[in-house]
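Engineer: Using only what follows, build the 3D model:
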Amino acid sequence: MFDSTYLLFAIPGLILGLYAQFKLMGTYSHYVRVPTSRGITGAQAARAVLDSAGLYDMPVNEVGGHLTDHYDPRKKALFLSSENFHSHSIAAVGVAAHEAGHALQHKAAYAPLQFRMMMVPVTQFASYAWMGILVLGMILGGAYFSKFLGIAIAIFAIITLFQIVTLPVEYDASRRAKAQLLGLGLVHPQESGAVAKVLNAAALTYVAAMVTSVLTLLRLISLARSSRN
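Structural biologist: Down below sits the predicted model:
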């Protein structure tokens, strides 16, 4: 599992993942200190975007933690971290509008979001199952290893597909967010570039997760081929 080729697959994903996190933290930390010219909070921005789409009954709730902002399609509710809920910053407004963008996707029955929602239960199971099956194959060894490795690859492919589908979902939510913020006059046109930087930095983390997943899948496939020789 950890032969000389392991680092060829592990290092690129690790470097990209670290870069994405540093980029997000650096960009967010900068723009969380820059207030919008309109003086609205993240919660107010999210409320305005939702109301513009007729989602008057969808709640915008405050939740603890740092960058824990998310849209829950099962509850049909928006959750913003305390910092972004109350902050008047460009970062807070951008993140809030992005999460509201997911609600707009849900209302519009955006196909990639619908597909990702269907994949959530099986992906959650796959996230735990693939490694357990792989370890079991390593313990049993011999012919069992190849068989269990094949099963682990099939299961991990589900995780990789989920990461790939996530990219268009996240980028489309950001596109909707920027359009709504400008169209509703929630940010000044001169602030659109700053909002884009925040959203692009956040999206990079999903790119890193996808690349890491693809490389891990390729590593498993390479290991399966080696085990047959």
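Engineer: quick one, longest helix in the chain?
Structural biologist: For the chain, the helix with the greatest residue count under DSSP state H is helix 142-183.
Engineer: other SSEs contacting it?
Structural biologist: For helix 142-183, the elements it packs on are helix 42-52, helix 90-107, helix 111-140, helix 192-228, judged by 3 or more CB pairs under 8 Å, 6 or more residues apart in numbering; DSSP states H and E. C-beta coordinates here come from the backbone N, C-alpha and C atoms, glycine included.
Engineer: at 6 Å what do you get?
Structural biologist: Helices and strands touching helix 142-183, by 3 or more CB pairs under 6 Å, 6 or more residues apart in numbering; DSSP states H and E, are helix 90-107, helix 111-140, helix 192-228.
Engineer: Make sure Val169 is actually in contact with Leu113.
Structural biologist: Yes: taking CB atoms under 6 Å as the definition, Val169 is a contact partner of Leu113 at 5.2 Å.
Engineer: Need the residue closest to the centroid of this protein.
Structural biologist: For the chain, the residue sitting closest to the mean C-alpha position, by CA atoms, centre = their mean, is Tyr206 at 4.7 Å.
Engineer: number of nearby residues for the nearest residue to it once chain neighbours are set aside?
Structural biologist: Counting by CB to CB, 6 or more residues apart in numbering, Tyr206 lies nearest to Glu170, which is 5.0 Å off, once chain neighbours are set aside. Residue neighbour count, defined by other CB atoms under 10 Å, stands at 21 for Glu170.
Engineer: cool, Ser174 as well?
Structural biologist: Counted with other CB under 10 Å, the neighbours of Ser174 add up to 21.
Engineer: Need the three-state assignment for Ile40.
Structural biologist: Taken by DSSP: H, G, I helix; E, B strand; the rest coil, the conformation at Ile40 corresponds to coil.
Engineer: Enumerate every residue touching the residue lying closest to Ala208 once chain neighbours are set aside.
Structural biologist: For Ala208, the nearest residue in space outside its immediate sequence neighbours is Ala20; the separation is 4.0 Å by CB to CB, 6+ apart. Under the criterion of CB atoms under 6 Å, 6 or more residues apart in numbering, the contact partners of Ala20 comprise 204-205, 208.
Engineer: Kind regards, and thank you for your time.
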